[in-house]
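1. no sequence on hand, only this structure:
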Ligand SMILES: Cc1cc2nc3c(=O)[nH]c(=O)nc-3n(C[C@H](O)[C@H](O)[C@H](O)COP(=O)(O)OP(=O)(O)OC[C@H]3O[C@@H](n4cnc5c(N)ncnc54)[C@H](O)[C@@H]3O)c2cc1C
C-alpha cells in the first residue's frame, strides 16, 4: 500500500529527506510543511549575499517545477501546530493529516540573550529571509551598525553591512573571537585583519533608545550608539512540537544512528536533532542526517556516521578555515605555522591580494589532526582529505 510521509520543515534536512525518499519510493505520498512563504532556499546564503542584490531566486534549492516533477506536495506558509504520535497524525492549517512516517526537520531559532531593555529597541537577528527584509528596512549607507556576537554569522553579517556602506562595530562577550573554533594566535590574527572594529570581553548591561538611535552599555562604563543593532548569539533547536508530543528531548530532539526518535515512525534530523548529545547546527549535518532519515523512513537501512564539521568563513577576500583537533587540550602535539607577508605576495602576483595568508597545522603521532588557514584557502580541500585520512 502507498505510504504517506509527512515532513515538518523545508530546510536542507527536510528537502534532502524528501529527495531521498523519492529516490527509493516512487509511489509514496510526500508532504512537506514549511511555515516560511518562500521556496526552500540555502540558509547560509543569507549572510553571504550582498544586501543590495538580494536575489532570492538565486538561492532557492529547487524551482517550483522540480517539486511538481518529483510529485512532492510542498505546503508553503503552513505551520504544523501539533503532532500526535499515538494517532500518527499532525494538525496543520486547521486540518488533521495522518502519516505512516513523520520526519521532524524544524531547524532552530536564534537565541537572543535576555538583555535588560531588550523590548525597547528594534533588534535584527538573521535566520530567515523575512529577517533579512527587516534588516534591509533599517540599514542605510552612512549609518552606524553594531553586531552583538563575533561568531561566524555575526562576522559575515558585519562584513556585508560594512560593504553596504555602514560603519560597523562588533561586540563579543568572550575574551577573544571564536575560542571554541580557533586557537588564540589565529583569533588574534583574524581580529587584526578584520575590516571593522571588534571589542572583546563585552558584558552588556542594558539596551536603550535615544531618539532614533539604540544605545548599548556594558559593565565597564563603555557605550555604543547605532542605527542598526544585529544580535548573533547562537541558536536553539526548535523542539516544541516534539516536546509537546512527548518525544524525548534534551537541548534538541534525541535521535539514534538511524535518526529515529523515541516515538515509533517519527524521525528527526538537522538543527533540531541531537545525536549522542551533539548538534553542530551546520549545513553539512542537515544534509547528511536528512539523507539517513529519508532512507530509513523509506524502508532502507542507513546509519549516520558523522559529517564534515569544518568551519569555512568568507568575508570579501578574507577567508578562514578551521578543522579538526586544534591541539588546545592535552600534550603531544607538534604545531607548524607559516605566515605570508603582503610584500612577498606582491612579487608573486599583484592581482591576487588574497594570497596573503597564515596556516597552522597540528600534528599528533606524525599525523595531521587539525588545521587553520587565514587568507589564502586554496589548500583547504587537500588538508581536509589529509585529516580525514583519505
Ligand atoms: C545566516 C546564516 C548563515 C549560515 N552559514 C552557514 C555556513 O556557512 N556553513 C554551515 O555549515 N552552516 C551555516 N548556517 C547553518 C545552516 O544554515 C543550518 O545548519 C541549516 O540550514 C539547518 O538546516 P535544517 O533543515 O536543519 O533547518 P532550517 O534550515 O532551520 O529549516 C527548518 C525549517 O522548518 C521550519 N519550521 C519550523 N517549525 C515548523 C513547523 N511547526 N511547521 C512548519 N515549518 C516549520 C522553519 O521555519 C524552517 O524553514 C548558517 C545559518 C544562518 C542562519
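-> The structure has been received and is ready for your questions. Worth saying up front: this structure is predicted, and the values here are computed from it rather than measured. Numbers count the residues shown, from 1 in each chain.

2. all contacts plus neighbour counts: C-alpha atoms, from now on.
-> Will do.

3. domain parsing for the protein?
-> The chain resolves into domains spanning 4-109+235-297, 118-231, 311-387 when parsed by automatic domain parsing.

4. average pLDDT across the shortest one?
-> It stands for domain 311-387. Average pLDDT, domain 311-387: 79.

5. same question, stretch 130-148
-> For stretch 130-148, the per-residue pLDDT values average out at 93.

6. interface residues of the stretch 1-150 of the chain facing the ligand?
-> Residues of the stretch 1-150 of the chain lying near the ligand by C-alpha under 6 Å from any ligand atom: 8-14, 33-36, 43-44, 46-47, 78-81, 105-108, 126-127.

7. before we move on, back to that, make a markdown table out of the domains of the chain and add mean neighbour count.
-> Shown next, in a markdown table, are the domains of the chain (neighbours: other C-alpha atoms under 10 Å):
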| stretch | mean neighbour count |
| --- | --- |
| domain 4-109+235-297 | 20 |
| domain 118-231 | 18 |
| domain 311-387 | 16 |
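
8. take those and write them to CSV, including distance to residue 304.
-> Output for the domains of the chain, formatted as CSV (distance: least, C-alpha to C-alpha, whole Å):
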stretch, distance to residue 304
domain 4-109+235-297, 5
domain 118-231, 23
domain 311-387, 19
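
9. nearest to residue 305, of the ones you listed?
-> Of all the domains of the chain, it is domain 4-109+235-297 that lies closest to residue 305, at 7.5 Å by C-alpha to C-alpha.

10. how much space separates residue 326 from the ligand?
-> Relative to the ligand, residue 326 is positioned 19 Å away (C-alpha to the nearest ligand atom, to the nearest Å).

11. list the contacts of that residue.
-> Listed by C-alpha atoms under 8 Å, 6 or more residues apart in numbering, the contact set of residue 326 reads 182, 183, 362, 369, 370, 371.

12. assign residue 285 to helix, strand or coil.
-> helix (DSSP: H, G, I helix; E, B strand; the rest coil).

13. do I have it right that it meets residue 272?
-> No: assessed by C-alpha atoms under 8 Å, residue 285 is found out of contact with residue 272, at 10.8 Å.

14. which stretches of the chain form helices?
-> Listed in chain order, the helices of the chain (DSSP state H) span 12-24, 64-69, 129-138, 152-163, 184-193, 240-244, 283-297, 342-348, 380-387.

15. residues in contact with the last one?
-> With C-alpha under 8 Å, 6+ apart as the contact definition, helix 380-387 has outside contacts at 321, 323, 324, 367, 368, 369, 370, 371, 373.

16. strands - which of those land there?
-> Within these, residues falling in strands by DSSP state E are 321, 323, 324, 367, 368, 369, 370, 371, 373.

17. pick out the most distant pair among those residues.
-> So, the ones in strands among the contacts of helix 380-387 by C-alpha to C-alpha: farthest apart are 321 and 367, at 18.8 Å.

18. ok, the spatially most central residue of the chain to the ligand distance?
-> The chain has residue 282 as the residue nearest its centroid, 5.0 Å off, counting by C-alpha atoms, centre = their mean. Applying C-alpha to the nearest ligand atom, the value for residue 282 to the ligand is 3 Å.

19. surely that residue touches residue 271?
-> Yes: using C-alpha under 8 Å, residue 282 is in contact with residue 271, at 7.2 Å.

20. in JSON lines, list the contacts of residue 326 along with distance to the ligand.
-> Below are the contacts of residue 326 laid out as JSON lines (distance: C-alpha to the nearest ligand atom, whole Å):
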{"residue": "182", "distance to the ligand": "16"}
{"residue": "183", "distance to the ligand": "19"}
{"residue": "362", "distance to the ligand": "22"}
{"residue": "369", "distance to the ligand": "20"}
{"residue": "370", "distance to the ligand": "18"}
{"residue": "371", "distance to the ligand": "17"}
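
21. between those, which is nearest residue 230?
-> Using C-alpha to C-alpha, residue 182 comes nearest to residue 230 of the contacts of residue 326, at 23.1 Å.

22. is it true that the closest one touches residue 371?
-> No: in this structure residue 182 lies outside contact range of residue 371 using C-alpha under 8 Å: 9.3 Å.

23. need the contacts of residue 326 in TSV with distance to residue 145, can you?
-> Below are the contacts of residue 326 laid out as TSV (distance: C-alpha to C-alpha, whole Å):
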residue	distance to residue 145
182	26
183	28
362	37
369	38
370	35
371	33
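
24. which residue ranges of the stretch 101-250 of the chain form strands?
-> In the stretch 101-250 of the chain, the strands defined using DSSP state E, counting those that start in this stretch lie at 101-104, 108-110, 123-124, 144-148, 167-171, 197-199, 204-210, 213-218, 223-226, 228-231, 235-237.

25. please name every helix or strand in contact with the longest one.
-> To tie it back to what came earlier, the one meant is strand 204-210. Judged by 3 or more C-alpha pairs under 8 Å, 6 or more residues apart in numbering; DSSP states H and E, strand 204-210 is in contact with strand 213-218.

26. residues in contact with the strand it packs on?
-> Residues outside strand 213-218 that contact it (C-alpha under 8 Å, 6+ apart): 121, 202-209, 223-229.

27. where in the protein is pLDDT low?
-> Under the criterion pLDDT under 70, the flagged ranges of the chain are 52-56, 340-356, 390.

28. can you rerun that using 50?
-> The model of the chain has pLDDT under 50 over residues 344-354.

29. picking that back up, biggest separation within the contacts of strand 213-218, which pair?
-> Among these, the pair separated by the greatest distance (C-alpha to C-alpha) is 203 and 227, at 20.4 Å.

30. OK, contacts around residue 177?
-> 150, 151, 187, 188, 191, 200.
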